[in-house]
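[1] let me see the structure of the following:
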Amino acid sequence: MLTNRFISLFDYFFVLRPILFLPGWSTMLAGYLIATKEDLYFSSAQFLGLDYLEIGLLFLIFASAMGASFLLNQLEDIESDLKNKKLFFLTENHISKSAAKKETIILIILALGLAYIVSISVLILIIFFLLITGYAYNYKPFLLKDKPFGSLLANSLMGFLAFALGWVMAKPLGLSIFIDSIPYLFLNTSLYFFTTLPDVPGDLNSGKRTLAVLHGTRFVINLGLLTYLLSLVFAVYLQDWFALLFIVLSLPFYIYLFTKKEVNATIKTTKYAILFLLL
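    Numbering: from 1, shown residues only. Alright, predicted model coming up:
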């Protein structure tokens with residue numbers, strides 16, 4: 001009995017969807033590395049000179065913010081998640097709604113408190129992240145998750161804010177951050193399009209109006225292919241060899257997707273594109 005109670009404590013960790021921390025962390029770390037690049041190439045000295053304690057603290061801050069945001073989304077999407085047969089911790093009452101709300105509050109306080117200790121720039125970015133992906137995405141009057149272009153905007157901003165978090169640890173905000181983030185934003189947007197496709201049946205039943213629901217599978221796949229192509233073009237144009245590496249590694253899966261135009265192919269493409277980004 002005691003063992004079962006101990007094991008059930010891990011539900012409070014896995015309900016945060018920690019697997020989704022990985023692409024967020026990777027984009028954040030990319031922002032840090034790009035901001036500290038030397039002549040557009042990465043040297044071993046650059047990696048040896050990183051402040052790993054500083055980076056580790058940033059990982060914890062961003063994990064807390066992402067976890068809070070994902071919990072807020074799950075609390076508002078219990079009905080559609082039940083129909084889509086996913087994210088069972090709340091839909092099957094392994095964790096109560098009240099417990100999930102308390103965990104959300106703790107994570108928000110932790111993220112804001114640690115961000116304040118690090119720097120005002122990090123604090124501002126975390127506040128924007130929570131307001132956009134936590135509040136505006138899930139609650140009225142914005143409810144971006146139920147609006148086709150609102151959801152697209154929120155997910156694109158999430159990618160940019162992740163990149164910016166890493167960036168401001170190395171240098172002040174400036175115009176170059178918007179330029180250097182373009183390949184990552186387009187790739188993240190491409191993957192976002194694909195993630196909407198498996199949820200179409202449940203979204204239809206719950207009345208969600210995503211781009212996939214409104215325009216169909218082939219339209220969304222074509223958008224994903226277009227934004228991937230733009231990420232490739234801008235990585236070459238900006239001579240961002242770091243981004244180009246994982247974008248090119250994903251190319252065979254995008255070519256396969258181009259020939260198939262099927263949901264199963266988008267799932268495989270998404271998984272491998274994220275894997276290459278992580279590596």
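
[2] correct me, but Thr210 touches Gly150?
    No: using C-beta atoms under 8 Å, Thr210 makes no contact with Gly150, being 10.1 Å away. Bear in mind the C-beta positions are built from the backbone N, C-alpha and C, glycine included.

[3] of those two, who's got more company?
    Thr210 (21 against 16; other C-beta atoms under 10 Å).

[4] what about the residue nearest to the more buried one when sequence neighbours are not counted, neighbour count?
    Distances taken as C-beta to C-beta, 6 or more residues apart in numbering place Thr196 nearest to Thr210, at 4.9 Å, with adjacent residues excluded. Thr196 sits with 22 neighbouring residues when counted by other C-beta under 10 Å.

[5] ok, Thr196 touching Arg209?
    No: applying C-beta under 8 Å, one finds Thr196 not in contact with Arg209, separated by 11.1 Å.

[6] any residues in contact with both of these two?
    Common contacts of Thr196 and Arg209 (C-beta atoms under 8 Å, 6 or more residues apart in numbering): none found.

[7] tell me which helix or strand comes right after the lowest-mean-pLDDT helix or strand in the chain.
    Within the chain, judged by mean pLDDT, DSSP states H and E, the helix or strand with the poorest mean is helix 44-48; its value is a mean of 51. Per DSSP states H and E, the first helix or strand lying C-terminal to helix 44-48 is helix 52-76.

[8] helix or strand for the residue nearest to the spatial centre of the chain, which one?
    For the chain, the residue sitting closest to the mean C-alpha position, by C-alpha atoms, centre = their mean, is Gly24 at 4.7 Å. Assignment of secondary structure by DSSP H and E places Gly24 within helix 21-35.

[9] run the angle between that helix and helix 52-76 for me.
    Here the directions of helix 21-35 and helix 52-76 differ by 140 degrees (axes from the mean of the first three to the mean of the last three C-alpha atoms, to 10 degrees).

[10] flag every buried residue along helix 21-35.
    Neighbour counts using 16 or more other C-beta atoms under 10 Å place 21, 23-35 of helix 21-35 among the buried residues.

[11] where's Phe13 relative to Ala100, distance?
    Distance of Phe13 to Ala100, given as C-beta to C-beta, to the nearest Å: 13 Å.

[12] again with Leu211
    According to C-beta to C-beta, Leu211 and Ala100 sit 28 Å apart.

[13] check Thr27 too.
    26 Å.

[14] and what of Asp240?
    39 Å.

[15] the residue nearest to Ser181 when sequence neighbours are not counted: how many residues sit nearby?
    Excluding its sequence neighbours, the residue lying closest to Ser181 (C-beta to C-beta, 6+ apart) is Phe163, at 4.5 Å. Per other C-beta under 10 Å, the neighbour tally for Phe163 reads 26.
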